[in-house]
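Participant: Can you look at this prediction? I've put the sequence above it.
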Amino acid sequence: MLKVGFDLGFGWTKVCTDSGECFKFPSWLAYHSNTAISDVDKVLVDGREYVVGEDAKYERQRINITGIEELLNYFSVFKKYALERLGVKENEVQIITGLPPIHREKAVVLEKQGAVVLPQGLGIYLDVQDKINADEVLIIDVGFNTVDYIVSVKGRRKKGDTIEKQGIERMIELFRNKLPDSLGYLKQFPFQRLMEVFEKGFAVVEGERIELNAYKEKAIEEYNEVLRTRLKGEIGNLIDEIEQIVIAGGGAYYLKNIRKAGIYIPEKPEFSQARGYVKFELE
């Protein structure tokens, strides 16, 4: 049976299989509407058609996912879309996914759909454990909405928690706040469009390209300081004293100066969690 690691997030959903295939798509969702031309990625769940991923932005009836309950409620839709992309049926796979430590009691929602649910962060440890040489490891998973951390000692989880509203979303808010009044119309962009602008470092408005990298770099710098301060508040001097820090998740590309040495960032860190999930030994 094919094992599928499913890292469901507010910004992106990442999927990896134990055969080595990985892909991601935005965690965007909309109800499908029929038009004369309608060549969009859609799935049928419980008698209703949904458009998932990039194509959702072309639909009128967008579904705004603002909290963990809504994200989990639509797990079946994201799951079906991913399995159709893989070309497999649900009874041919075992899905391994995860939840932030703060939401561990909600695992039953996913388990009822046949998924194995792990603490977020454990997937990253499983992904990198054969690449690092340290007994004490601090895993930092910088996601879209949250930052999850787990302290592992000789493979055993000792401490972990979720820092809400401190993920990439926070960095983009800092970016929005740094835009000058002369670019005030950019501040009115829907958040998902602003996220695309942030990633590119520029915006195209009425055919004109507006460079924004200076504001992006300032936001990244401030975000790093905010996150380091918050982590210190959560785990004290452990961030300086622990043998090894592993940073993964989509936000790993933006973290700088957490400390001078003893930091490992896996290849394509946004997929680390999903890659590790499929390494979990099922009973």
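Facilitator: All right, it came through fine.
Participant: low pLDDT regions in the chain?
Facilitator: Along the chain, segments meeting pLDDT under 70 span 34-39, 283.
Participant: residues in contact with the longest helix along it?
Facilitator: Secondary structure of the chain per DSSP state H: the longest helix is helix 213-235. Residues from elsewhere that reach helix 213-235 (CB atoms under 8 Å, 6 or more residues apart in numbering): 138, 140, 142, 147, 149, 151, 159, 161, 163, 166, 170-172, 174-175, 178-179, 198, 201-202, 239, 254-258. Quick note: C-beta positions are derived from backbone N, CA and C, even for glycine.
Participant: Can you select the buried ones among those for me in PyMOL?
Facilitator: In PyMOL syntax, the buried subset of these is picked out as below (16 or more other CB atoms under 10 Å):
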select buried, resi 138+140+142+147+149+151+161+163+166+170+171+172+174+175+178+179+198+239+254+255+258
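Participant: So which of the contacts of helix 213-235 are in strands?
Facilitator: 138, 140, 142, 147, 149, 151, 159, 161, 163, 202 (DSSP state E).
Participant: And the furthest pair within the residues you listed?
Facilitator: Farthest pair in the ones in strands among the contacts of helix 213-235 (CB to CB) is 159 and 202. Separation: 41.1 Å.
Participant: For stretch 86-105, buried residues please.
Facilitator: Applying 16+ other CB under 10 Å to stretch 86-105 flags 86, 93, 94, 95, 96, 97, 98, 99, 100, 101, 102, 103 as buried.
Participant: okay if I get those residues as a markdown table plus distance to residue 51 and secondary structure?
Facilitator: Below are the buried residues of stretch 86-105 laid out as a markdown table (distance: CB to CB, whole Å; DSSP: H, G, I helix; E, B strand; the rest coil):
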| residue | distance to residue 51 | secondary structure |
| --- | --- | --- |
| 86 | 18 | helix |
| 93 | 23 | strand |
| 94 | 27 | strand |
| 95 | 22 | strand |
| 96 | 26 | strand |
| 97 | 22 | strand |
| 98 | 26 | strand |
| 99 | 26 | strand |
| 100 | 27 | coil |
| 101 | 32 | helix |
| 102 | 30 | helix |
| 103 | 27 | helix |
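Participant: Take these and lay them out in a markdown table including distance to residue 270.
Facilitator: Below are the buried residues of stretch 86-105 laid out as a markdown table (distance: CB to CB, whole Å):
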| residue | distance to residue 270 |
| --- | --- |
| 86 | 18 |
| 93 | 21 |
| 94 | 22 |
| 95 | 19 |
| 96 | 17 |
| 97 | 15 |
| 98 | 14 |
| 99 | 18 |
| 100 | 16 |
| 101 | 20 |
| 102 | 21 |
| 103 | 20 |
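Participant: which of those lies closest to residue 275?
Facilitator: residue 96 (10.9 Å).
Participant: Next one: the closest one from residue 232, what distance?
Facilitator: Using CB to CB, to the nearest Å, residue 96 is found at 32 Å from residue 232.
Participant: burial of residue 29, as a residue count?
Facilitator: By other CB atoms under 10 Å, 22 other residues sit near residue 29.
Participant: residues touching residue 118, list them.
Facilitator: Counting by CB under 8 Å, 6+ apart, residue 118 makes contact with 96, 97, 98, 277, 280.
Participant: Contacts only, for the closest residue in space to the fourth one that isn't next to it in sequence.
Facilitator: Ranked by CB to CB, 6 or more residues apart in numbering and with sequence neighbours excluded, the top spatial neighbour of residue 277 is residue 5, at 3.2 Å. Residue 5 sits next to 14-17, 96-97, 123, 273-278 when contact means CB under 8 Å, 6+ apart.
Participant: Go through those and name the one nearest residue 193.
Facilitator: The nearest member of the contacts of residue 5 to residue 193, counting by CB to CB, is residue 14 at 21.4 Å.
Participant: Tell me how many other residues crowd the closest one.
Facilitator: 26.
Participant: ranking the contacts of residue 5 by neighbours, who comes first?
Facilitator: Counting by other CB under 10 Å, top hit in these: residue 273 with 33 neighbours.
Participant: does that residue sit in a helix, a strand or a coil?
Facilitator: helix (DSSP: H, G, I helix; E, B strand; the rest coil).
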